[in-house]
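Enquirer: 3D model of this:
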Amino acid sequence: MKKIVALLAAALVAGTVWAGEFPDISITDLNAAIAAKKVVVIDVNGSETWEKNRIPGAVNFETAKKEFAKVLPKDKKALIVAYCGGPQCTAYQAAANAAKELGYKNIKHLSAGISGWLKAGQKTESGS
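Expert: I've put the predicted structure just below:
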């Protein structure tokens with residue numbers, strides 16, 4: 001029994017450390033960055049979802065990933081925020097890691113995702 005508890009504790013700690021690679025950003029702070037035009041928001045939900053509902057100004061990672069560097073600012077310290085479906089979704093990591101590989105240093109994760117954004121009553125865009 002002690003081994004099982006120890007194993008579960010180790011898994012929890014490892015999961016927490018791994019999940020924390022990209023710090024979370026709140027909906028309030030993201031809204032402020034969007035209003036100040038000081039963020040590039042990357043939607044990793046796929047084209048169909050991006051067409052229906054996305055955070056205003058969000059880039060569709062599915063279509064941009066082949067030439068990702070072209071949609072990101074030249075300033076490697078610029079704020080980049082990636083999001084996907086919600087708190088349990090890890091798809092955002094594809095965009096966050098792609099930005100990291102390109103040398104960006106200020107990458108954050110909106111863990112609330114599009115589901116949390118909608119639940120908070122925030123405005124969205126749709127269409128292409």
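Enquirer: Can you show me the strands along the protein?
Expert: Counting by DSSP state E, the chain has these strands, from start to end: 40-43, 59-60, 79-83, 106-109.
Enquirer: For L118, which of these is the nearest?
Expert: strand 79-83 (11.7 Å; C-beta to C-beta). (Glycine included, C-beta is placed from N, CA and C.)
Enquirer: And the closest one, what's buried?
Expert: Neighbour counts using 16 or more other C-beta atoms under 10 Å place 79-83 of strand 79-83 among the buried residues.
Enquirer: and if you look at stretch 50-66?
Expert: Buried, per 16+ other C-beta under 10 Å, within stretch 50-66: 50, 53-55, 58-62, 64.
Enquirer: do stretch 94-109 as well
Expert: Here stretch 94-109 shows 94-96, 98-99, 104, 107-109 as buried, counting by 16+ other C-beta under 10 Å.
Enquirer: what does stretch 120-128 give?
Expert: Q122.
Enquirer: what mean pLDDT does it have?
Expert: For stretch 120-128, mean pLDDT is 94.
Enquirer: Give me the contacts around it.
Expert: Contacts of stretch 120-128 with the rest of the structure, by C-beta atoms under 8 Å, 6 or more residues apart in numbering, involve 27, 31, 51-58, 112, 114, 117-118.
Enquirer: circling back to that earlier point, could you dump the buried residues of stretch 94-109 to TSV with pLDDT and distance to L72?
Expert: Shown next, in TSV, are the buried residues of stretch 94-109 (pLDDT from 0 to 100; distance: C-beta to C-beta, whole Å):
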residue	pLDDT	distance to L72
A94	97	14
A95	98	10
A96	98	12
A98	97	9
A99	98	6
Y104	98	7
I107	98	10
K108	98	14
H109	98	16
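Enquirer: how about those in a markdown table, adding distance to V71?
Expert: Formatted as a markdown table, the buried residues of stretch 94-109 follow (distance: C-beta to C-beta, whole Å):
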| residue | distance to V71 |
| --- | --- |
| A94 | 14 |
| A95 | 10 |
| A96 | 14 |
| A98 | 11 |
| A99 | 10 |
| Y104 | 12 |
| I107 | 14 |
| K108 | 17 |
| H109 | 18 |
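Enquirer: Great, nothing more from me.
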